[in-house]
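In: Here's a sequence, model it:
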Amino acid sequence: MTPIRTAIVHLTALLACGAAGAQTPPGAATDSTAPAAAAGTGPVLRPGTNAHFIPFVSPPGDQSLPMTNAPRLAFEVRMPAGGPVSASARTFTVTMDTGSTGVVISAVDLPGYPRAGEARDAPLGWEFLSSSKRLWIGHWVGRDLAFRSGDGEVIARVPVLAVEKEMICPGWSEKANRPDCDQPTDTTDNPAGIAYMGVGFGREHDGQPQGTPDKNPLLNLSMIGGRPVRPGEVHAGYIVTQHGVHAGLTPANATGFRAVKLQPGSLLANGAPASSDPRDWRQATMAVSVNGGAPEAGPVLVDTGIAQMYLTVSNPSALPTAQIPNPSRRGHTVTGLQPDTPVQVMFPGAQAPVAQYDFRVGDAAAPQAVLVNSPGRPAFVNTGRHMLRQFDVLYDAEGGWFGLRPVRR
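Out: Numbering: from 1, shown residues only. Below you'll find the predicted structure:
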């Protein structure tokens, strides 16, 4: 098992946090009633499709409530058959982050990666962590990721970003989108211990310009139970629960979800199309009401990487706030909602929502804290992971649906 730098994994999980309030996707809704028109019946799933449940990995003796800590998956990284070199497989246990997209591993830790060889023909890759101002630069190289469970083994074949350089770059621009930094405050060549897996969608506008669906392991299964996946056998998508993730959608595992239609064509920060992949959908939408106030609409991110919520509204000075401990920076404070403040997040908007996440700040079902960003339009909510104590979350990459299902108690 690879050593993972705890601080890096934590910062990676914050990819869509404080700074993301200002990283609203181009074309996001601004009318609190507009998103309701996107509601519909839900995914159309073929009978006979296959899926695989991958359980989360918990430390021995862990008795904490589900989603107290970031969910973690274990996988073995292997060289694809017929790859450029042979190499022993290596196991990694990493955070499964719905706030980012793609598998990122230090080049020095990645099995079979000769920088002077494979990198010559591999696409240049980079990813920027807006919260920590980290820029990771390397190359995208194909690898097989093998996940095991009681049902056997499932393998995804995806490009992995082999990180060769890490830079701290406060001035990096999402719109310029360059794999370089003019004035880095720190640079590390061949950093070790970087490893995480992002499975989110519609994230290319926020420092992840190459975080397209082809990089998502849950959408690119190549083998199930030791045999190749047949064309049409797996309906691309996933379901995140408290205890694990279903890779692939079936009529059985998708029962009970209320779903809303997503807009096609995720965009970069400069407004250009992020990819031509038909599985590339924009973020889901919501309307948020705080302390009984008028709802404000905008994009929403259900982020398993963090325990707190981030909130952006047009006039945060009107909210009941206080200085609270900053969960991301020990010893510092940040503006957050006061205890007992009611919050409602309605999907996909305030008119006829298909689901509603209600809580009072400080409740057991509430996020660890609700941090309030600078004023912004449209509104934005990063729910954090505690919402998964109330709802399972579905993403249909083939049909473009986002669904919620109350957790069975």
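In: I'd like to know how many residues surround residue 152.
Out: For residue 152, the count of nearby residues is 12 (other Cβ atoms under 10 Å). In this view, the C-beta of every residue, glycine as well, is placed from N, C-alpha and C.
In: Skipping adjacent residues, who's closest to it in space?
Out: residue 225 (4.6 Å; Cβ to Cβ, 6 or more residues apart in numbering).
In: Would you mark the buried spots in stretch 273-286?
Out: Within stretch 273-286, the residues scored as buried using 16 or more other Cβ atoms under 10 Å are 274, 275, 279, 280, 281, 282, 283, 284, 285, 286.
In: quick one on the thing from earlier: from residue 50, how far off is the residue nearest to residue 152?
Out: Per Cβ to Cβ, to the nearest Å, residue 225 is found 9 Å from residue 50.
In: Of those two, give the one with the bigger neighbour count.
Out: residue 50 (18 against 12).
In: Got the phi and psi for that one?
Out: When read as degrees, to the nearest 10, the backbone of residue 50 gives phi -120, psi 150.
In: Excluding covalently adjacent residues, which one is nearest to it?
Out: Nearest one to residue 50, counting by Cβ to Cβ, 6+ apart, is residue 233 at 5.1 Å.
In: so who does that neighbour touch?
Out: Residue 233 makes contact with 49, 50, 224, according to Cβ atoms under 8 Å, 6 or more residues apart in numbering.
In: can you give me the strands for the stretch 51-200 of the chain?
Out: 52-55, 72-78, 90-97, 101-106, 124-129, 134-149, 152-168, 186-189, 195-199 (DSSP state E, counting those that start in this stretch).
In: if we can go back for a sec, what's the pLDDT at the residue nearest to residue 152?
Out: Note for residue 225: predicted pLDDT of 89.
In: got it, and the one 5 residues further on?
Out: According to the predicted model, the pLDDT of residue 230 comes to 95.
In: Same question for residue 62.
Out: In this model, residue 62 carries a pLDDT of 83.
In: can you pull the contacts of it?
Out: residue 69.
In: three-state assignment of residue 239?
Out: strand (DSSP: H, G, I helix; E, B strand; the rest coil).
In: Once you drop chain neighbours, what's closest to residue 146?
Out: residue 76 (4.4 Å).
In: residues near the one you found, how many?
Out: 16.
In: let's have the chain start at 255 instead
Out: Shifting the count to begin at 255 puts that one at residue 330.
In: For it, give the beta-bridge partners.
Out: When assigned by DSSP bridges, residue 330 has beta-bridge partners residue 345, residue 400.
In: just checking, residue 442 touches residue 420?
Out: Yes: the pair residue 442 / residue 420 is scored as a contact, 4.5 Å apart, by Cβ atoms under 8 Å.
In: Compare the two and say which is more crowded by neighbours.
Out: Taking neighbours as other Cβ under 10 Å, residue 442 and residue 420 compare with residue 420 leading, 22 against 15.
In: That one pairs with what?
Out: Beta-bridge partners of residue 420, as defined by DSSP bridges: residue 390, residue 442.
In: So it versus residue 621, what's the distance?
Out: Applying Cβ to Cβ to residue 420 and residue 621 gives a distance of 29 Å.
In: Likewise for residue 346?
Out: For residue 346, the distance to residue 621 - Cβ to Cβ - is 28 Å.
In: Tell me which of those two has more neighbours.
Out: residue 621 (27 against 20).
In: who are the neighbours in contact with the more buried one?
Out: 561, 562, 563, 613, 637, 638, 640, 641.
In: so how far is residue 514 from it?
Out: Counting by Cβ to Cβ - residue 621 and residue 514 are separated by 22 Å.
In: go on, residue 438?
Out: Using Cβ to Cβ, residue 438 is found at 41 Å from residue 514.
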